[in-house]
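K.L.:
only geometry, no sequence info:
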């Protein structure tokens, strides 16, 4: 049963749906973010109704504080509480504009202070071993090698990689057109290696995997469907074990490696920002912390007293 179906208050269900529709129009939130917001708000509406006997639009600062305190008591992470408070802030600002409330009950609430964790990354040697792990002499291995090469060459999010269609790849110009967060398009260079492996995959592996079936997806499975994020990350973990790469892996590991290695080799931070599809430079600046070797080298070489 979904969180939405557990909300007994019909008005709350309709209100959350209307809010998410408005948020999608205004901010172009991804489907995953919308689902996270919907889950947060539906659970809060249910709690509010069952424990306080209050409608969602009638919540006050005290009830919201009590709910946040309960989340902490249940060992919710600071990040999940921060997301919950963010969704509540957006909801009550929406209700304020709609005239459903006269004051924002979240206005005086302060969220948890979150440190910015340094992204886990791989060395260039780790990446080379990982890229070499698939058996490129087999159709599925060739597909996997092409996917890993594209991921490392472009720094795409995994959802962007598995969602690629044939018409988004231009091997003649050597670019891939990506629709990222907020439905924003960007062109990302592929580089010679990624172009080479995509070409080999399209010529020798994709037709074999599809076996006469049709698909618009670039990377396909034996069932003729597009590769999923979960299946691809299972493959990455398997290849990491085969390659002897025992560092923790996450869905962003190769994306982090892409950004870090670009910075280590002298790329400008704003160029990396564009390639990653970050709307705000502050999201990219996290990578300066994992490029300290390059920064120290530049200081030693360029500063008069280095």
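P.N.:
All right, it came through fine. Note that the structure is predicted; figures quoted are calculated from it, not measured.

K.L.:
got any ranges where the stretch 1-150 of the chain has weak pLDDT?
P.N.:
Under the criterion of pLDDT under 70, the regions of the stretch 1-150 of the chain flagged as low confidence span 1-10, 27-29, 111-120.

K.L.:
Oh, that last question was meant for the stretch 201-306 of the chain, not what I typed.
P.N.:
Low-confidence regions of the stretch 201-306 of the chain, defined here as pLDDT under 70, cover residues 251, 261, 263, 265-299, 301, 303, 305-306.

K.L.:
Now with 80, please.
P.N.:
Of all residues in the stretch 201-306 of the chain, those with pLDDT under 80 make up the ranges 248-306.

K.L.:
Now do the helices in the stretch 51-200 of the chain.
P.N.:
61-73, 78-98, 124-132, 139-154, 158-162, 192-200 (DSSP state H, counting those that start in this stretch).

K.L.:
Make TSV from those helices and add distance to residue 11 to it.
P.N.:
The way it works is simple: take the backbone N, C-alpha and C, and place the C-beta from them, glycine included. Compiled in TSV, those are given as follows (distance: least, C-beta to C-beta, whole Å):
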stretch	distance to residue 11
helix 61-73	17
helix 78-98	12
helix 124-132	51
helix 139-154	45
helix 158-162	33
helix 192-200	51
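
K.L.:
Of all those, which one is nearest residue 211?
P.N.:
Closest to residue 211 of those is helix 139-154 (C-beta to C-beta; 9.8 Å).

K.L.:
And that closest one, what does it pack against?
P.N.:
Packing partners of helix 139-154 (3 or more C-beta pairs under 8 Å, 6 or more residues apart in numbering; DSSP states H and E): helix 124-132, helix 158-162, strand 175-179, strand 185-189, helix 192-200, helix 206-210, helix 229-243, helix 253-264.

K.L.:
what residue is smack in the middle of the protein?
P.N.:
Among the residues of the chain, the one closest to the centroid is residue 157, at 5.8 Å (C-alpha atoms, centre = their mean).

K.L.:
correct me, but that residue touches residue 255?
P.N.:
Yes - with contacts counted by C-beta atoms under 8 Å, residue 157 reaches residue 255, the gap being 6.5 Å.

K.L.:
about what we covered before: quickly compare the helices and strands packed on helix 139-154 and say which is most buried.
P.N.:
With neighbours defined by mean count of other C-beta atoms under 10 Å, none of the helices and strands packed on helix 139-154 is more surrounded on average than helix 253-264, at a mean of 22.

K.L.:
And that one, how far out from the chain middle?
P.N.:
Between the centre of helix 253-264 and the centre of its host chain there is 15 Å, according to C-alpha atoms, centre = their mean, to the nearest Å.

K.L.:
do stretch 90-102 as well
P.N.:
Taking C-alpha atoms, centre = their mean, one finds the center of stretch 90-102 at 29 Å from the center of the full chain.

K.L.:
mind listing what's buried in that stretch?
P.N.:
Using 16 or more other C-beta atoms under 10 Å as the burial criterion, the residues of stretch 90-102 that qualify are 90, 91, 92, 94, 95, 100, 101.

K.L.:
from those, which single one is nearest residue 131?
P.N.:
Nearest to residue 131 among the buried residues of stretch 90-102 is residue 90, at 40.9 Å by C-beta to C-beta.

K.L.:
Let me see the contact set for the residue nearest to that closest one when sequence neighbours are not counted.
P.N.:
Distances taken as C-beta to C-beta, 6 or more residues apart in numbering place residue 23 nearest to residue 90, at 6.4 Å, with adjacent residues excluded. Residues touching residue 23, when contacts are defined by C-beta atoms under 8 Å, 6 or more residues apart in numbering, comprise 29, 34, 37, 90, 94.

K.L.:
Compute the inter-axis angle for the strand or helix carrying the third one and helix 229-243.
P.N.:
In this case it means residue 37. Counting by DSSP states H and E, the secondary-structure element that holds residue 37 is helix 31-47. Using axes from the mean of the first three to the mean of the last three C-alpha atoms, to 10 degrees, one finds that helix 31-47 and helix 229-243 are set 120 degrees apart in direction.

K.L.:
which secondary structure elements does helix 31-47 contact?
P.N.:
Counting contacts by 3+ C-beta pairs under 8 Å, 6+ apart, helix 31-47 packs against helix 3-6, helix 10-27, helix 61-73, helix 78-98.

K.L.:
For residue 21, see how far away residue 76 is.
P.N.:
Residue 76 is 27 Å from residue 21, where distance means C-beta to C-beta, to the nearest Å.

K.L.:
The two: which has the busier surroundings?
P.N.:
When residue 76 is set against residue 21 and neighbours are counted by other C-beta atoms under 10 Å, the residue ahead is residue 76, at 15 against 11.
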